[in-house]
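Asker: Return atomic coordinates for the entry below.
(one chain, ligands or ions: 1)
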Amino acid sequence: MANIDEIRNEINACDVEIARLLNKRMGYVEEIIEIKREQSLPIFQPKQEAKQKEILETIYRGCEYEEENEAVFKTITTMSKKVQAKKLLPYNIALIGFMGAGKSTVSSYLHELLALDLVETDKLIVEQQGMSINDIFAKYGEPYFRNLESNVCIQMMDHKLTVISCGGGLVMRDENVENLKKSSRIVLLTASPETIYERVKDSTDRPLLNGHMNTEYISELMEKRRPKYEAAADFIINTDGKSVREICEELIRVIH
Ligand code: S3P
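Answerer: Numbers count the residues shown, from 1 in each chain. Below you'll find the predicted structure:
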């Protein structure tokens with residue numbers, strides 16, 4: 001039987017090989033992103049991704065350490081997306097726009113596709129306060145909530161590789177915009193008042209719309225906010241009639 005130190009040496013040799021191959025693999029990921037950029041190919045290619053996943057599964061299916069292989073390759077896939085994101089996005093993406101503009105949907109799609117960290121400012125506030133947005137408004141009032149949003153913007157300044165889904169009123173304060181811009185590109189998602197109404201009409205967790213759930217009110221508030229939204233935005237994407245994937249493709253295309 002081999003001596004234990006010899007076996008440990010073999011394991012070290014395996015690790016060296018794994019690290020070498022991992023570096024090689026990540027290099028290829030970077031090359032692909034360069035080619036996609038140069039040739040203006042879509043960043044997201046779901047069919048190609050599905051094919052790749054199938055090939056990968058056939059590599060380790062039925063092998064002795066199938067479960068372990070699966071876990072490792074899952075991490076490798078996520079890390080490859082991170083490498084891609086680092087190349088594409090040397091800054092965070094902050095999504096702004098009116099309630100129902102699609103910020104949460106788009107941010108969770110980007111989170112999955114690019115393995116970006118995800119921060120939803122409303123969710124963070126709810127977690128930090130242990131109270132719903134409705135309760136914060138009812139108990140402490142809107143200005144208190146707005147101060148909480150400003151604190152979140154300060155917290156976001158040292159985040160990297162993050163998609164930030166901002167509450168609809170967050171960029172009404174100039175200082176929040178200034179702080180967001182320190183680490184992020186700001187993308188404004190827009191939609192018509194009719195689309196917004198359709199998306200939010202059944203929700204009761206938006207205190208500003210409770211009791212005003214109609215297209216006229218939405219349209220008025222949107223118009224009032226429009227100058228601030230547009231001034232804050234580095235890029236503007238209209239979401240009417242587009243799928244979440246189309247919106248994300250467009251977003252990646254415009255921001256780099
Ligand atoms: C608000 C939007 C909400 C939430 C709060 C106030 C606003 O977020 O922050 O109800 O002033 O537009 P969503 O835009 O995610 O709904």
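
Asker: Residues in contact with the helix or strand containing residue 198: which ones?
Answerer: Using DSSP states H and E, residue 198 sits in helix 193-200. Contacts to helix 193-200, defined as C-beta atoms under 8 Å, 6 or more residues apart in numbering, come from residues 98-102, 191, 206, 209, 213-215, 218-219, 222, 239-240. The way it works is simple: take the backbone N, C-alpha and C, and place the C-beta from them, glycine included.

Asker: and those residues near the ligand, which?
Answerer: 99, 206 (C-beta under 6 Å from any ligand atom).

Asker: which of the contacts of helix 193-200 count as buried?
Answerer: Buried by 16 or more other C-beta atoms under 10 Å: 98, 99, 100, 101, 102, 191, 206, 209, 218, 222, 239, out of these.

Asker: related to what we said a few turns ago, quick one: average confidence on the helix holding residue 198?
Answerer: Across helix 193-200, the average pLDDT comes to 97.

Asker: List just the nearest of the buried ones among the contacts of helix 193-200 to residue 136.
Answerer: Top of the list for closeness to residue 136, among the buried ones among the contacts of helix 193-200 and by C-beta to C-beta, is residue 206 at 12.4 Å.

Asker: tell me which parts of this protein are close to the ligand?
Answerer: Proximity of the chain to the ligand, by C-beta under 6 Å from any ligand atom, involves residues 99, 103, 122, 133, 167, 168, 169, 206, 207, 208.

Asker: State the phi and psi torsions of residue 98.
Answerer: Note on residue 98: its backbone torsions stand at phi -60, psi 160 [degrees, to the nearest 10].

Asker: Contacts only, for it.
Answerer: 168, 190, 191, 196, 218, 221, 222, 225, 229.

Asker: Which ones among those residues map onto strands?
Answerer: Mapping the contacts of residue 98 onto strands (DSSP state E) picks out residue 190.

Asker: Let's have the contacts of residue 98 in CSV, adding distance to residue 44.
Answerer: Converted to CSV, these look like this (distance: C-beta to C-beta, whole Å):
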residue, distance to residue 44
168, 26
190, 22
191, 21
196, 26
218, 31
221, 33
222, 29
225, 31
229, 26
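
Asker: Closest one to residue 83 out of the contacts of residue 98, please.
Answerer: Looking across the contacts of residue 98 and measuring by C-beta to C-beta, the closest to residue 83 is residue 190, at 31.6 Å.
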